[in-house]
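Colleague: predicted model, plus sequence, below.
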Amino acid sequence: MRYLALIYRDETVVWSDEEQEKVAAAYYAFGDEGRKAGVLGDAGEALQPTSTATTVRVTAGETVTTDGPFAETKEQLRGFYLLDCDNLDQAIEWAAKIPTAKHGSIEVRPIREIPEQ
């Protein structure tokens, strides 16, 4: 079963160069471990800050855009991984290995498989 692991962290917190290097190394190690275990494929990316986001809505046939994300929160969506796991317990185990779990939170959500027509 596939799960989306959404990575949240407060983007206003600035890390030192040393902290950033440690976190980057931890992410590379996580990626290597996940690919070797067959849990991670190529679907996983970091996202630009929320200041670059645009929210799109269509109301009465008119497209309306708003700068920024839809909701203001203490933690912002910073990236994601697509996990291929046997069950939710295994997905949670892998989500706990994502380095940002120590500095923010990881939301694990099952992918709704839609049959091909």
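Modeller: Perfect, thanks for sending it.
Colleague: where does the chain have its least confident helix or strand?
Modeller: One helix or strand of the chain scores below all others by mean pLDDT, DSSP states H and E: strand 40-46, with a mean of 86.
Colleague: quick one: distance of that strand to the chain centre.
Modeller: Relative to the mean C-alpha coordinate of its chain, strand 40-46 is positioned 9 Å out (CA atoms, centre = their mean, to the nearest Å).
Colleague: how is the residue nearest the centre of the chain assigned, secondary-structure-wise?
Modeller: Centroid check for the chain by CA atoms, centre = their mean gives residue 80 as the closest residue, at 2.2 Å. State at residue 80, reduced to three classes by DSSP: H, G, I helix; E, B strand; the rest coil: strand.
Colleague: close enough to count as contact, residue 86 and residue 1?
Modeller: Yes. Between residue 86 and residue 1 there is a contact at 7.1 Å, judged by CB atoms under 8 Å. To be clear about C-beta, it is placed using only N, CA and C from the backbone, and glycine gets the same treatment.
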